[in-house]
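J.: below: sequence and its predicted model.
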Amino acid sequence: MMKILVIDDDEQICDIVEKILCREGYKVTIARDGFEGLRCFEQVQPDLVITDVFMPNKDGLEVITELLEHTPDFRIIAISGMRMHQLEALDIALLFGATSVLEKPFTRKQLLRAVKMALFRKSHEMSDSCSLSPAF
C-alpha cells in the first residue's frame with residue numbers, strides 16, 4: 001500500500017484529500033504544519049508528500065527544500081490557492097523542486113491524476129535504475 005503524507009493547515013482540505021485518497025487505497029497521514037510534516041516524514045517514510053505552500057511556522061517551500069536536501073529525487077506535490085505579486089506561489093514551488101502543483105480548489109480527478117503521475121514517475125525511475133546493466 002502506497003503511503004502519502006498530506007501537510008496542510010486547512011482542516012477541510014486535509015479531510016477532503018484524505019477521504020479521496022483513502023477511497024483509492026492509499027494510506028494517508030495528516031500533518032498540520034511543516035514542522036509536524038517533517039517529523040511525520042521520518043516516522044511514516046511516505047512514497048509521496050502533498051504540501052500546502054502557505055502554512056504557519058514552517059511553510060511548504062521550506063518543507064520542499066528540507067525534504068529534497070535529504071532525498072533529492074523525492075516526489076512532492078505542492079498545493080496553494082494564493083498568488084504572490086506577479087509570480088504564482090506554485091511556480092515558485094516548482095522552482096524549489098516540487099514534482100507537480102495543484103491550484104486550490106482542485107477536483108477529485110485533478111488530485112488523483114497528479115498523485116498517480118507522481119507515483120508512476122517514481123516507480124518508473126526506480127525500475128529503470130534497477131534494470132540498468134553495465135555497457136561493455
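T.: Cool, the structure landed. Numbers count the residues shown, from 1 in each chain.

J.: all strands of the chain, in order?
T.: Counting by DSSP state E, the chain has strands at residues 3-7, 27-31, 48-52, 76-80, 83-84, 87-88, 100-103.

J.: now render these as TSV, adding distance to residue 120 and mean pLDDT.
T.: C-beta coordinates here come from the backbone N, C-alpha and C atoms, glycine included. Output for the strands of the chain, formatted as TSV (distance: least, C-beta to C-beta, whole Å; pLDDT from 0 to 100):
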stretch	distance to residue 120	mean pLDDT
strand 3-7	14	98
strand 27-31	18	98
strand 48-52	11	98
strand 76-80	13	96
strand 83-84	29	66
strand 87-88	25	75
strand 100-103	11	94
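
J.: quick check: residue 75 vs residue 12, distance?
T.: 24 Å (C-beta to C-beta, to the nearest Å).

J.: hang on, the earlier thing: quickly compare the strands of the chain and say which is most buried.
T.: strand 48-52 (a mean of 27; mean count of other C-beta atoms under 10 Å).

J.: residues in contact with that one?
T.: 2-10, 13, 17, 34, 37, 41, 60, 63-64, 67, 74-80, 115, 118-119, 122 (C-beta atoms under 8 Å, 6 or more residues apart in numbering).

J.: stretch 1-13 now?
T.: By C-beta under 8 Å, 6+ apart, stretch 1-13 touches 14, 17-18, 21, 25-34, 36-37, 40-41, 44-52, 55-56, 60, 63, 79, 104, 115, 119.

J.: how about a cut-off of 7 Å?
T.: 14, 17-18, 21, 25-34, 37, 40-41, 44, 46-52, 55-56, 63, 115, 119 (C-beta atoms under 7 Å, 6 or more residues apart in numbering).

J.: mind listing what the residue nearest to residue 9 when sequence neighbours are not counted touches?
T.: Distances taken as C-beta to C-beta, 6 or more residues apart in numbering put residue 55 closest to residue 9, at 4.5 Å, once the chain neighbours are dropped. Going by C-beta under 7 Å, 6+ apart, residue 55 touches 8, 9, 33, 34.
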